[in-house]
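Asker: I'd like to go over a predicted model; first the sequence, then the structure.
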There are 2 protein chains.
Amino acid sequence: MNTNLYSTTVERWGLFELLLTGPSEGNPYQDVTLTAQFRHQQRVIRVDGFYDGNGTYKIRFMPDTEGRWTFEVSSSTPELQGAVGEFECTPAMAGNHGPVRVHDELHFTYEDGTVYHPFGTTCYAWTHQDQALQEETLATLQTSPFNKIRMCLFPKRYSFNSNEPDYFPFAGSKADGFDLTRFNPEYFANLEKRIVQLQELGIEADLILFHPYDTGHWGFDRMPAETDDFYLRYVIARLSAYRNVWWALANEFDFMKEKVLSDWDRFFRIVVERDPYQHLRSLHNGSSMYNPGGITYYDHTKPWVTHVSMQHWDVTLMKSWRTMYKKPIVVDECCYEGNLPQRWGNISGEEMTAKFWDCFARGGYGGHGETYMHPENIIWWARGGRLYGNCPERLAFMRKVLDDAPAHLQPQDSFRDVPTLGVEGKYYLQYYNNHRPAYRELPLPEEGCYRIEIIDTWNMTITALDGEFSGVTGIPMPGKPYMAVRVRAI
Amino acid sequence: MNTNLYSTTVERWGLFELLLTGPSEGNPYQDVTLTAQFRHQQRVIRVDGFYDGNGTYKIRFMPDTEGRWTFEVSSSTPELQGAVGEFECTPAMAGNHGPVRVHDELHFTYEDGTVYHPFGTTCYAWTHQDQALQEETLATLQTSPFNKIRMCLFPKRYSFNSNEPDYFPFAGSKADGFDLTRFNPEYFANLEKRIVQLQELGIEADLILFHPYDTGHWGFDRMPAETDDFYLRYVIARLSAYRNVWWALANEFDFMKEKVLSDWDRFFRIVVERDPYQHLRSLHNGSSMYNPGGITYYDHTKPWVTHVSMQHWDVTLMKSWRTMYKKPIVVDECCYEGNLPQRWGNISGEEMTAKFWDCFARGGYGGHGETYMHPENIIWWARGGRLYGNCPERLAFMRKVLDDAPAHLQPQDSFRDVPTLGVEGKYYLQYYNNHRPAYRELPLPEEGCYRIEIIDTWNMTITALDGEFSGVTGIPMPGKPYMAVRVRAI
C-alpha cells in the first residue's frame, strides 16, 4: 500500500511536495505517467509529477493563494492512482515575495508587488564543481549585490573549464556512456539544494536549459528531439515549483549548430504548456563582435518570450531593442570584468559598472560576470569561487540608489542627450557614463521645487547641490566620467 | 586691350593663375562666361574661370604633368576671348605630393604615391574669425599632428559660436541683405590665403560646401536651387586648382531640412562635372544618438562618392561600413575631447585617442575635434585658437607608428577577436582599446621569424619582447587598456 508523505501547511509561494512510493521495475522515467490536480475554491491547477529513483515518486506544487488546497493524483500505475489530500497555504514569510513577473515593457516585480531590479551575475557551471567550491560560491554570493545568477543545467566544457563533474542530469557517465532514457536523481538533488540556497539568499536561479559548450564531448548539445523534449518535461516537473526559477532556454543558442529555429519554438511551447506557474522565459543569443551583421537574434516579439536576454557589448542600442521588442531587456552578457585574452572577458571594473548604470538609465538592465585569470582556473564566470574585481561593490551602491527610487521609472526623453529615467514631475535619474560635461542644463518643470544631487557612481558618493530648483536649471558638473544626477521633488 | 599676367613656370600640382582684365559693368558674375583649354601633348583639360571683382578675371589651373602646357581662353566677352599662352610645368618641390587620391577600398595616397593617413581635425568656422585668431589657429596647427581640417565655407551660427563674420561668400551683409547674384572677392581672398597656408603645413582643406548651422539667420542653408548651383560652380572655379582641397558637400546634410536627397545628387553631379581634378568628394551625416535607427545615411555606394565621411560614436561598426560601401571610411565625427554639456563634445583625451587607434585597426580612420569650455567661447572645434587637450600629443605618436608601417595595411582576420591590420607574413599591428588581457596568443605564421613589441598608445612607449618568435606565440600583456601589439618579420 502506498505511503503518502507531505506537509499539511505550506507558505504562499513555498514548495509543497508529495512523496509517493511506487514501482521501480522497468523504466519508471518513461513508463509511468503521474499528474495531480490542485484545487483552491474554483481554481484547478494541473501539475506533472516525476520519478525520483528507488521507487520514489514526487509531485511538487507552489501555491500562490492562501487558504485550503486539495489535491488528487492521477497515474498510469494503480499504486499511485487516486491519492488525495489537502494542505493549508499560510502567508508568505518575510523575504518571500513570490516569483518574479514582468511588470511593464521595461520592468519586473515580484508577484507580491515588490519591485525587482535584476542585478544578475554569471556562474555557468558552479553546480558542477566539487562541493567545497560550491559552498565557497554560495558564501561569496551571500555578501554580493547579486539577486540573479545564470547557471547551466548541463555541464560546461570550454576554455578554463574542462573538469568532469561528479553528476550528470542523465544516468550513466562519459566513460560508460549515458542512458538518455533515465535521469540521475543525485544530480537533481544537488541542483535543488543549490536552488533553495539561492532562494534563501534572495537570488533568482536563471536556469540555462541548453548550451553549446559541449560540442559533442558528452553529447547533450546534440540529443535527438524526443530526448530534448523528455529532458525538458522532466526538468519542468522537478523544478518549476521553486519560486526563484527562471527558464533561460539556451545560452548562445545560435552557436548550437545542431539545432534549428523551430526547435527553439518547440522548446518554448513545451515550457509554456508544462510550467503551471509561467516562470520567466528567455533565449540568449551569441554574438560575433567583428561581424555585427552576423548576430542572430531570436524573434523576441514571439508571445512566449517574457523578456529579452541580450548579449551585446554596445548597450547604447537599448532604445532600439526596447522599441523593437517592447519587453524588459536584460543584457546578460555585455563583456565581463577581467583580464582573459578573449575580448568578452577583459574589461575593467569601471566599464562593467558603467554598463549596469547605462543599461538602467536607458530603460533596461545589465548583467555581471567576472573573468580574472586564476592559477587553478577557478574563474567566477565559469566555476564560481571568489570575486576579485572592483565592480560588485559599486553594484551594491547602485542597488541602494535604485532601492531609494520610485517604482517603475520610465524614460524621460525631455532630458535630451543624456539617458534619463524618472517619474514625470517627481523624480529623475540620469547617467553620463564616459561623458564629462563641466555643466549641464536640466529641463526641470516650472511648477514644483527640486533638490539635485550629483552621484559619483565609481567613488560611491552622493553630493547635494545647495538650494532648491525649478525650471531650466544650469548645474556645475565635475568634468569626470561615471557621474549620475538625481533630482527629487521636495 | 587686355593685359594677361601669369607666371611662365609652375611646379607640378602647383597653382597656375592667369589674370585677365575685362568689363566690370553689369553683373560679370552672371553675365560673362569664361573658360580655358589647357593642353599638354594630346591632353586637353577644360577649366572654368571666374570674375574676381573690379574688372579682374582669373583662370586657375593645376598641372599634373611636367613639361610644356599651352592654353587658350574662350569667353562670351570679346575682351577676354582668344587669349593664349604657355608655361612650363617643373618638378614638384619637396613636400608637394599632389592631391590625395583613393588608393584602394581602405586607404588613400597622394598622387605621387606617398601614403596619406588622414589625421583630421575640425575647426568649422576658423576662417570666419578675426585675423588674429585665424593666425593663432595656424600657429597651433603648425605644431599639431593634423594633416586635414574640416572647415565651412559658409559662416556658422551654433552653440558657442554666434559672432558675425567680417566677410561672407556673397555680396552684401546681414543688415543690408545679401545679393545672391554676386560673390564677395574679399571673402574668397582670405579663404584662399588660408588654404595656401594649410597647404604649406601639409594640411588638406576638407571644405564643407553646405551646412545646417544657419537655420535661416543668413539664409545660406535655404537658397534657391539655382543659387546653390551658381555658388557651387563659382567655388569650384576658384578653388579646385588648389591641390589640398577636398569637397565635403555638407556637414550633417540630413539636418538641412530644406534640402531633399535629389539636391545632394545634383550637387555631386555639378562637382564631378566642373572639377577638372576630381578632388575627393564626400557627404557627412548627422546622427541622433538615442535613435540609432534614425541615422540617415547617404548612399555612399553611389559612384560619385569617393570615400565615406561618417559621423558615429560607435566605431566598432567599421567593418560593417567597409563591407557595405567598399570605400575608405573616415569617421570625421566620433565625439570630441572636451567638457561641453553636449554628449558629442565631452569625451576624454584617452577616449578620443582610442577612437583613432580603433578606427585604424579596423581598417578606417578617425577624426579629431576639441570642445573644452573657454571663458570667451573660443573653442577649437568651432573657432580654432589653441588646443588644450591631451589627445593631439598621442596622435603625433600614432602618426610616427603609422609612418614606420608598410603601406596599405589590410585587415588580418586570422587575428581573431582583436582588430588587426597588416601585410601577411610581414607585419601586424593590432589594437586592444578597453580590453585588458593578461596574455594573448598571436597566430604568427610558422615560416618566418618575428619581433614583437607592446605599444602603450597612451603612455607612448614601445617595449620589445625579448627573443624572436614564430608560429602560435603566447605573449604576456600588461593588463591595462589602450595597448597595441606590433609584429615585424625579421
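Answerer: Cool, the structure landed.
Asker: hey, let's count contacts and neighbours off CA atoms from now on
Answerer: Noted.
Asker: Can you tell me the SS state at residue A:198?
Answerer: helix (DSSP: H, G, I helix; E, B strand; the rest coil).
Asker: OK, contacts around the residue in the stretch 351-490 of chain A that chain B sits nearest to?
Answerer: Closest residue of the stretch 351-490 of chain A to chain B, CA to the nearest CA: residue A:437 (4.2 Å). Residues in contact with residue A:437 (CA atoms under 8 Å, 6 or more residues apart in numbering or on different chains) are A:477-480, B:338-343, B:346.
Asker: go with 7 Å
Answerer: The neighbours of residue A:437, taking CA atoms under 7 Å, 6 or more residues apart in numbering or on different chains as the test, are A:477, A:479, B:339-341, B:346.
Asker: again with residue A:325
Answerer: Contacts of residue A:325 (CA under 7 Å, 6+ apart): A:300-301.
Asker: Could you do residue A:150 as well?
Answerer: If you count contacts by CA under 7 Å, 6+ apart, then residue A:150 has A:121-124, A:205-208 around it.
Asker: okay, now residue A:349: neighbour count?
Answerer: Residue A:349 has 20 neighbouring residues, counting by other CA atoms under 10 Å in any protein chain shown.
Asker: Dihedrals phi and psi, it?
Answerer: When read as degrees, to the nearest 10, the backbone of residue A:349 gives phi -60, psi -40.
Asker: List the ones among the contacts of residue A:150 that fall in helices.
Answerer: Among the contacts of residue A:150, none falls in helices (DSSP state H).
Asker: if we can go back for a sec, now do the residue of the stretch 351-490 of chain A closest to chain B, the pLDDT please.
Answerer: At residue A:437, the pLDDT value in this model is 96.
Asker: So it versus residue B:124, what's the distance?
Answerer: 21 Å (CA to CA, to the nearest Å).
Asker: returning to what we had before: from residue A:477, how far off is the residue nearest to the residue of the stretch 351-490 of chain A closest to chain B when sequence neighbours are not counted?
Answerer: Spatial nearest neighbour of residue A:437, excluding adjacent residues (CA to CA, 6 or more residues apart in numbering or on different chains): residue B:339 at 4.2 Å. Distance of residue B:339 to residue A:477, given as CA to CA: 9 Å.
Asker: Tell me the helix or strand right after the lowest-mean-pLDDT helix or strand in chain A.
Answerer: For chain A, counting by mean pLDDT, DSSP states H and E, helix A:318-325 ranks last in confidence among helices and strands (a mean of 92). Next along the chain after helix A:318-325, taking DSSP states H and E as the criterion, comes strand A:329-333.
Asker: which residues sit against that next one?
Answerer: A:106, A:307-312, A:322, A:364-367.
Asker: repeat for stretch A:262-270
Answerer: With CA under 7 Å, 6+ apart, stretch A:262-270 has contacts from residue A:304.
Asker: buried set for it?
Answerer: Judged by neighbour count using 16 or more other CA atoms under 10 Å in any protein chain shown, the buried positions of stretch A:262-270 are A:264, A:267-268, A:270.
Asker: Do a quick rundown of the helices in the stretch 1-150 of chain A.
Answerer: Along the stretch 1-150 of chain A, counting by DSSP state H, counting those that start in this stretch, helices occupy A:28-31, A:131-142.
Asker: Reformat those as a markdown table; add distance to residue A:77 and mean pLDDT.
Answerer: Listed next are the helices of the stretch 1-150 of chain A as a markdown table, based on distance: least, CA to CA, whole Å; pLDDT from 0 to 100:
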| stretch | distance to residue A:77 | mean pLDDT |
| --- | --- | --- |
| helix A:28-31 | 9 | 97 |
| helix A:131-142 | 37 | 98 |
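Asker: Throw those into a markdown table and include mean neighbour count and distance to chain B, thanks.
Answerer: Output for the helices of the stretch 1-150 of chain A, formatted as a markdown table (neighbours: other CA atoms under 10 Å in any protein chain shown; distance: least, CA to the nearest CA, whole Å):
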| stretch | mean neighbour count | distance to chain B |
| --- | --- | --- |
| helix A:28-31 | 16 | 45 |
| helix A:131-142 | 17 | 24 |
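Asker: Mind putting these into CSV with distance to residue A:111?
Answerer: Listed next are these as CSV, based on distance: least, CA to CA, whole Å:
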stretch, distance to residue A:111
helix A:28-31, 33
helix A:131-142, 23
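Asker: Please name whichever of these is nearest to residue A:233.
Answerer: helix A:28-31 (10.8 Å; CA to CA).
Asker: For the stretch 301-450 of chain A, what lies in contact range of chain B?
Answerer: Selection of the stretch 301-450 of chain A residues close to chain B by CA under 7 Å from any CA of the partner chain yields A:319-320, A:339-343, A:346-347, A:417, A:434-440.
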